[in-house]
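*Asks:* following is a predicted model, sequence given first.
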Amino acid sequence: MKKQKIRVLILTLLVISCMFACKKVESIPDNNPTNPNTTSYDTIFPLDYFPAFPGSYWKYVDSNNDTTLIKTDSSYQKDYYTIGSAAYVSDTFFVPIYNQIPIWGYEAHTGPISNSGSYPLTRILSDSLPVGSNWIIYNWSGTQVSRKIIVKDTTITISSNSYYPTIVVEEYYSYGPPNYIWIAKRYYTKNIGLVREDLYNSSDSTVNTKQLFNYYINN
């Protein structure tokens, strides 16, 4: 009888030890980065002049009385980029998706701007650079497209509504001095985003203006 009690006690201790060991194993995190349940990523949140928060939208009407709806996905999505055929791979972040394009602050993940080894993020605007600052967004075979800040802290009026402060960014072709042909002017208002876009049509020298008439920022 005594031996039987000892066997029962040993068996009980073995069962308890096994249960404790199993719990220990389950608590070990999975280091596989492809498992979204065990890997955490930082979030790149929208900035003041391009508040592309998930679940937001902007409605525009143009000179032809056509309407356009631009919206963001309902949640942040994982995104990363590569440079030089994956020779460099960035960290992965959660970013908003604006009009099906991942947005990294004031940069859009549009893909390479000239060749497979070029930087895949395109700067939309800047609220820290001074007026006159410019940057290249496309460069290929002697042709380049650039953007430039032409006005800051200005007011724009649309249908009796005043939008302030607004940054105006001009986009233009440059084939080398003195050639300079502007493509678009875009107006970005703080806490709203794009409120107006003037598009230049080089074939007939006309401008089509698209203006904001309704929006919702989900922040």
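*Replies:* Yep, that arrived.

*Asks:* how about Thr68, nearest residue that isn't a chain neighbour?
*Replies:* Nearest in space to Thr68, with sequence neighbours left out and distances taken as CB to CB, 6 or more residues apart in numbering, is Tyr60 at 4.5 Å. In this view, the C-beta of every residue, glycine as well, is placed from N, C-alpha and C.

*Asks:* what's whichever strand or helix holds the one you found in contact with?
*Replies:* Following DSSP states H and E, the helix or strand that holds Tyr60 is strand 57-62. Contact with strand 57-62 is made by 67-72, 193-194, 197, 208-216, as judged by CB atoms under 8 Å, 6 or more residues apart in numbering.

*Asks:* distance of the nearest residue to Ala184 once chain neighbours are set aside from Ile150?
*Replies:* With sequence-adjacent residues excluded and distances taken as CB to CB, 6+ apart, Ala184 is closest to Glu171, at 4.4 Å. Glu171 sits 11 Å away from Ile150, taking CB to CB, to the nearest Å as the criterion.

*Asks:* which of these two has more neighbours?
*Replies:* In terms of neighbours (other CB atoms under 10 Å), Glu171 is the more surrounded of Glu171 and Ile150; the figures are 19 against 16.

*Asks:* what helix or strand does that one sit in?
*Replies:* Mapping Glu171 onto the secondary structure by DSSP H and E places it in strand 161-174.

*Asks:* tell me who's in contact with the residue nearest the centre of the chain.
*Replies:* Closest residue to the average C-alpha location of the chain: Ile103 at 0.5 Å, with CA atoms, centre = their mean. Remark: with contacts taken as CB under 8 Å, 6+ apart, Ile103 is in contact with 44, 46, 50, 52, 95-97, 109.
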